[in-house]
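> With the sequence up front, the predicted model follows.
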Amino acid sequence: MADGRSSRPGASQPTFAHQEAPSRVSELGTSRDARVRGLQVRKTCTLARRSTRHAAGLLHRARRAVRLSTVCPPAVVAGAGRSRVRGRRKVGRRHQRRLRVGARPSRLVTRQLAPITAVLQSHPCASIHTAAVDTFRHAETDTRPERPLATSWDTYRAALLPRWQSLLSSSPSEREMQEFLELHPCFLPGATDNIGPGGHHRPSFSSVIRQPPLKGLGPTRLPDFMWVRLDTGAIRPICIEIESPRKAWFNKGSRTPTAKLTQAIDQLTEWKVWFSSPENQLIFAKTYAPSYSHRPVEPQFVLVYGRDAEFRAATSPHDNPDYMRQKRDHMPRDRELYFTYDQLAPEREAGDYAALTYQVDQWVLHSLPPTFSTGQHVMEISKVIRDPSEVVLRTDLMSAERKAYVIERWEYWRSVALSEHTHFIAVGRE
């Protein structure tokens, strides 16, 4: 017997997927094709990502082998992946900086990289791999024995000390001392870790900054010199105030500081107030140490004033020069250091540092010592100084061949610093 519902005229009949109208079936077919195409696209993307990760892994293995070749024995470099990682972890912190900088690969590592290079070239995504490998290049340090060498430190020091003593004996003005120290900043205290906590690496731009403007909230301050030391975990500016060697520390007969000394010490107090502002510290870091602006700023303050003759029994105007010397030594306050000009001496490490001037948002090179060497450490200063030729050509105690060489290598390291590629850099001085 037929179903009553189906027997009624005009009643709607049930429909099923296989009984859909032709238009609906075509829509479903199109939807299925789209899903299939979507799956194919996702599968292709997944394969591409895996291929890229494989290429990155091979490149990482090559880079790690190059790094380890600078400090690890060949047995460690030639070992399995885990042994290479363990070998790298055994390297001390002092050598990790060399690992980050990189070096030219040894012959052993070159042989080990050959099969990796072959795999990269035969890989389906060889173009991607080639582009990744081309991103890393070598910056070559010139080690040729026939290259023009810099003036030795002993030669420079032997020529410099008589000039220094002659200048001091002529009772010079503050301006004369400023000009001499701008040409020979190795006399200025603070380039090394002899001031403040130790652990420093180098000053910013490998230079002393002459009359750096301290712009921020309040009046602009202007120290005579400033080192911006990049110590471990902190930016440590060393602000230096110099006065005339002719000025006296204490009044004769009264044992009280002279008005000129009080005024010089007040200058240091002004700088302390300026650096006490967090806003000023942020402006300072972004201006003078832009790559380390996230670090805290911990300044130190130096005063160079007068001569030792005031505190010697044979030449002192005071009745008790030993007592006055002790009083002088106890005068510096927190983060302050006081020197006489007789206490300054050239420092060998600072013999490679230049003198810069900061003017209206641009840097100007003022002087280079004859002992100046080129190399990867020039990259930072060459970014802000395009052409050093004018300063190099007027540098004393530097041969004409060496001057031409310094200009040439400056241009080379500037091109490396401004390159869009990442470089493996061999550490060394030229």
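Thanks, I have it.
> CA only for contacts and neighbour counts going forward, please
Fine.
> Can you list the residue ranges for strands in the stretch 101-250 of the chain?
Remark: strands assigned in the stretch 101-250 of the chain by DSSP state E, counting those that start in this stretch are 136-139, 200-203, 207-210, 225-231, 234-242.
> For these, give me JSON lines that also has mean pLDDT and mean neighbour count.
Formatted as JSON lines, these follow (pLDDT from 0 to 100; neighbours: other C-alpha atoms under 10 Å):
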{"stretch": "strand 136-139", "mean pLDDT": "69", "mean neighbour count": "17"}
{"stretch": "strand 200-203", "mean pLDDT": "74", "mean neighbour count": "19"}
{"stretch": "strand 207-210", "mean pLDDT": "95", "mean neighbour count": "26"}
{"stretch": "strand 225-231", "mean pLDDT": "90", "mean neighbour count": "25"}
{"stretch": "strand 234-242", "mean pLDDT": "93", "mean neighbour count": "24"}
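> Of all those strands, which one is nearest residue 399?
strand 207-210 (22.0 Å; C-alpha to C-alpha).
> I'd like the distance between the spatially closest residue to residue 352 that is not a sequence neighbour and residue 179.
In this structure, residue 352 finds its nearest non-sequential neighbour in residue 372, 4.6 Å apart by C-alpha to C-alpha, 6 or more residues apart in numbering. The spacing between residue 372 and residue 179, counted by C-alpha to C-alpha, to the nearest Å, is 19 Å.
> Now residue 280. Nearest residue, chain neighbours left out?
Closest residue to residue 280 apart from its sequence neighbours, by C-alpha to C-alpha, 6+ apart: residue 216 at 5.2 Å.
> and the one you found, what does it touch?
Residues near residue 216 by C-alpha atoms under 8 Å, 6 or more residues apart in numbering: 279-280, 283.
> which element is residue 325 on?
helix 321-329 (DSSP states H and E).
> quick one: contacts of that helix?
255, 310-313, 318, 338.
> would a markdown table of the residues you listed with secondary structure, distance to residue 246 and pLDDT be doable?
Below are these laid out as a markdown table (DSSP: H, G, I helix; E, B strand; the rest coil; distance: C-alpha to C-alpha, whole Å; pLDDT from 0 to 100):
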| residue | secondary structure | distance to residue 246 | pLDDT |
| --- | --- | --- | --- |
| 255 | coil | 18 | 86 |
| 310 | helix | 10 | 94 |
| 311 | helix | 14 | 94 |
| 312 | coil | 15 | 93 |
| 313 | coil | 18 | 90 |
| 318 | coil | 16 | 91 |
| 338 | strand | 16 | 96 |
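> Narrow those to just the buried residues.
Neighbour counting by 16 or more other C-alpha atoms under 10 Å classes 310-312, 318, 338 among these as buried.
> Which members of those are the farthest-apart pair?
Counting by C-alpha to C-alpha, the most remote pair of the buried ones among the contacts of helix 321-329 is 318 and 338, 19.7 Å apart.
> How many residues are close by residue 288?
Residue 288 sits with 20 neighbouring residues when counted by other C-alpha atoms under 10 Å.
> Nearest to residue 150, out of the buried ones among the contacts of helix 321-329: which one, please.
Nearest to residue 150 among the buried ones among the contacts of helix 321-329 is residue 338, at 33.4 Å by C-alpha to C-alpha.
> What residues does that closest one make contact with?
By C-alpha under 8 Å, 6+ apart, the residues touching residue 338 are 302-305, 329, 332.
> my read is residue 407 is in a strand, agree?
No. Residue 407: not assigned to a strand; according to DSSP: H, G, I helix; E, B strand; the rest coil it is helix.
> So it versus residue 185, what's the distance?
Per C-alpha to C-alpha, residue 407 is found 21 Å from residue 185.
> the more surrounded of the two?
Set side by side, residue 407 and residue 185 show more neighbours around residue 185, with 27 against 17, by other C-alpha under 10 Å.
> Isn't that one up against residue 349?
No. Taking contacts as C-alpha atoms under 8 Å, residue 185 lies outside contact range of residue 349: 11.0 Å.
> Test of understanding: give the bridge partners of the nearest residue to residue 336 once chain neighbours are set aside.
Closest residue to residue 336 apart from its sequence neighbours, by C-alpha to C-alpha, 6+ apart: residue 301 at 4.8 Å. Beta-bridge partners recorded for residue 301 (DSSP bridges): residue 239, residue 336.
> if we can go back for a sec, identify the farthest-apart pair in the contacts of helix 321-329.
313 and 338 (20.7 Å).
> Over to stretch 308-328 now: how far is its first residue from its last?
Across its full length, stretch 308-328 reaches 11 Å between end residues, using C-alpha to C-alpha.
> what comes up buried for it?
Neighbour-count burial for stretch 308-328 [16+ other C-alpha under 10 Å]: 308, 310-312, 316-318, 321, 324, 328.
> what's the most distant pair in those?
Pairwise distances across those peak at 14.9 Å for 317 and 328 (criterion: C-alpha to C-alpha).
> just the strands in the stretch 251-400 of the chain please.
300-304, 336-339, 354-359, 362-367.
> Let me see the residues that make contact with the third one.
Spelled out, that is strand 354-359. Under the contact criterion C-alpha under 8 Å, 6+ apart, strand 354-359 has outside partners 182-183, 185, 206-213, 363-369, 372.
> could you redo the last one with a cut-off of 6 Å?
Applying C-alpha atoms under 6 Å, 6 or more residues apart in numbering, the contact partners of strand 354-359 are 207-210, 363-368.
> List the buried residues in that strand.
Buried residues in strand 354-359 (16+ other C-alpha under 10 Å): 354-358.
> Going by distance to residue 396, which of those residues wins?
Among these, residue 354 lies closest to residue 396 (C-alpha to C-alpha), at 13.6 Å.
> can you count the residues close to the residue nearest to residue 407 when sequence neighbours are not counted?
The spatial neighbour of residue 407 that comes closest, neighbours along the chain excluded (C-alpha to C-alpha, 6+ apart), is residue 389 at 6.0 Å. For residue 389, the neighbour count with other C-alpha under 10 Å is 15.
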